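J.: Model the following, please.
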Amino acid sequence: MKALIADGEWMPRKGYPVTREETACKRARTGSQVWRNTTFDLRDVDVPAPKEGEVLIRVRSCGVCGSDTHLYEKDGEGYIKFSGLTKLPCILGHEFSGVVEKAGPGVSALKKGDHVAVESVMWCGMCLSCRSGAPNQCRNVELLGLSHNGAFAEYIAVPAKYCWDINPLFEAYGEEDAFDVGSLIEPVGCAYNGMFIAGGGFKPGAAVVVYGTGPIGLGAVALARASGASLIVAFDVVDERMSIAKEMGADFSFNINKLGGAAPAEKVLELTRGEGADMQVEAAGAAPLTVPEMEKSLSGQGKIIYLGRSDASAPMSLDSFVTGANQLVGARGHTGYGIFPNIIKLISSGRLSLEKIITSRYTFPSAVEALKSSSKRIDGKIIVRI
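T.: Purely as a prediction, here's the structure:
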């Protein structure tokens with residue numbers, strides 16, 4: 001079968017405290033500190049055989065994630081920009097849906113022909129975090145498509161416990177569109193987890209601000225609209241994404257570079273009549289620029305939900321958090337807590353419409369071109385149909 005494989009040079013930066021385990025496994029905790037000069041090629045590899053508890057899936061749609069883009073992009077020294085767990089070589093791709101081709105030994109809940117979407121946070125189920133009900137913080141986690149072979153391939157074998165039935169989507173969409181929308185559950189699940197699980201949600205009528213309108217940010221906008229926010233404001237630096245944010249439910253969308261000298265915080269305070277936003281979602285991965293603006297425009301007991309991944313520090317005035325009883329909440333992942341099934345129910349009921357997030361589609365032979373195009377950051381979501 002064909003698969004899109006990323007490879008690179010293992011060369012820890014000077015001063016990075018690489019561990020013996022990282023070196024032995026060529027598995028970096030912080031990829032941007034170790035991997036450089038990455039390459040991306042479509043190669044012929046063997047079709048994987050499903051092991052005990054696994055299913056073989058014929059991949060139909062796979063989205064290009066910002067993590068994939070950050071693996072593709074390099075800094076001035078040739079190091080990747082992705083700051084998370086990375087093991088190369090690796091088949092890319094972790095936002096996907098497909099059809100069960102074969103159920104491995106011990107699998108009874110899935111069968112050949114089932115349509116599924118798949119979690120990409122590969123939790124072990126046995127560590128303290130998993131057994132305490134926090135699978136996104138699994139201590140033995142693998143990340144599909146980043147530290148474990150992923151879904152930019154014709155077939156993938158994954159544990160059945162990560163799979164969710166998306167047959168209800170086929171009642172609302174045609175076959176190809178249903179698989180495309182199914183691949184969006186993973187990134188939208190990250191927004192859901194941050195806003196409603198880690199962040200505890202907001203009251204209907206709240207004001208919600210989203211910084212960064214890539215797929216996760218656009219998912220946050222759509223979820224805020226579906227959940228009863230009275231005001232939704234989106235910020236980005238790309239005009240094309242501003243128009244998508246409006247389509248997804250933002251009442252106002254602004255290019256930060258075109259505010260006529262005003263700061264984003266000032267715009268939020270203006271639109272909320274000085275009250276500030278009840279929830280602000282950081283999905284841009286630009287904390288040094290966004291967090292100072294967010295903290296200046298929080299309501300009393302307001303929350304900042306930090307989803308953007310970046311190996312950077314941000315200045316903060318903590319006194320305002322004491323005065324306002326505010327919160328800064330970090331969140332990773334989308335697994336557990338009913339996230340996947342709840343999003344599937346929202347989509348199939350018509351209360352959550354995600355299809356407008358998709359702005360480009362590529363065929364699998366053009367997968368590298370899709371990855372390259374993602375660096376332009378003008379799309380909502382790029383989908384590769386396989």
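
J.: Please name the nearest non-neighbouring residue to Glu171.
T.: Ser348 (6.4 Å; CB to CB, 6 or more residues apart in numbering). For glycine as for every other residue, the C-beta is placed from the backbone atoms N, C-alpha and C.

J.: And the helix or strand harbouring the one you found, what's buried?
T.: Assigned by DSSP states H and E, Ser348 belongs to helix 339-349. Of the residues in helix 339-349, 339-340, 343-344, 346-348 count as buried by neighbour count, 16 or more other CB atoms under 10 Å.

J.: And the protein, split by domain according to the record?
T.: Here the domain assignment for the chain is 2-184+354-385, 191-330, based on automatic domain parsing.

J.: Quick one: distance of stretch 198-208 to the chain centre.
T.: 20 Å (CA atoms, centre = their mean, to the nearest Å).

J.: Can you give the contact residues for it?
T.: 195, 220, 224, 227-233, 268, 271-272, 275-281, 299, 303, 305, 327, 329-331 (CB atoms under 8 Å, 6 or more residues apart in numbering).

J.: if you set the cut-off to 7 Å instead, what comes out?
T.: Stretch 198-208 is contacted by residues 195, 224, 228-232, 272, 277-279, 303, 305, 329, 331 when judged by CB atoms under 7 Å, 6 or more residues apart in numbering.

J.: same question, stretch 310-328
T.: 30, 32, 83, 285-288, 291-292, 295, 298, 300-304, 306.

J.: out of those, which are inside strands?
T.: 298, 300-304, 306 (DSSP state E).

J.: for the host helix or strand of Val116, packing partners?
T.: Using DSSP H and E, Val116 maps to strand 115-118. On a contact count with 3 or more CB pairs under 7 Å, 6 or more residues apart in numbering; DSSP states H and E, strand 115-118 meets strand 95-103, strand 163-165.

J.: Go again with 6 Å.
T.: With contacts taken as 3 or more CB pairs under 6 Å, 6 or more residues apart in numbering; DSSP states H and E, strand 115-118 sits against strand 163-165.

J.: The strand it packs on - which strands sit beside it in the sheet, and in what orientation?
T.: Sheet pairing here is set by DSSP bridges, and for strand 163-165 it gives strand 115-118 (antiparallel).

J.: for the record, mean pLDDT for whichever helix or strand comes after the partner strand?
T.: Sequence order places strand 121-122 as the next helix or strand after strand 115-118, per DSSP H and E. In this model, strand 121-122 carries a mean pLDDT of 98.

J.: now do stretch 15-27
T.: pLDDT averaged over stretch 15-27 gives 94.

J.: Now find how far off-centre it is within its chain.
T.: That offset, for stretch 15-27, works out to 26 Å (CA atoms, centre = their mean).

J.: One more: stretch 373-386?
T.: 13 Å.

J.: Identify all contacting residues around it.
T.: 59, 61-64, 69, 73, 180, 215, 218, 238, 240, 244, 357-362, 364, 367, 370 (CB atoms under 6 Å, 6 or more residues apart in numbering).

J.: all helices of the stretch 151-300 of the chain, in order?
T.: With helices called from DSSP state H, counting those that start in this stretch, the stretch 151-300 of the chain shows them at 175-182, 185-192, 215-226, 239-248, 264-271, 287-296.

J.: what sits up against the second one?
T.: By CB under 6 Å, 6+ apart, the surrounding residues in contact with helix 185-192 are 95, 117, 120, 215-216, 219-220, 223, 334, 339-340, 343.

J.: quick one: buried residues of that helix?
T.: Within helix 185-192, judged by 16+ other CB under 10 Å, the buried ones are 185-192.

J.: What is the nearest of those residues to Pro168?
T.: Ile185 (11.7 Å; CB to CB).

J.: Make JSON lines out of the buried residues of helix 339-349 and add pLDDT.
T.: Shown next, in JSON lines, are the buried residues of helix 339-349 (pLDDT from 0 to 100):
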{"residue": "Ile339", "pLDDT": "98"}
{"residue": "Phe340", "pLDDT": "98"}
{"residue": "Ile343", "pLDDT": "98"}
{"residue": "Ile344", "pLDDT": "98"}
{"residue": "Leu346", "pLDDT": "97"}
{"residue": "Ile347", "pLDDT": "97"}
{"residue": "Ser348", "pLDDT": "95"}
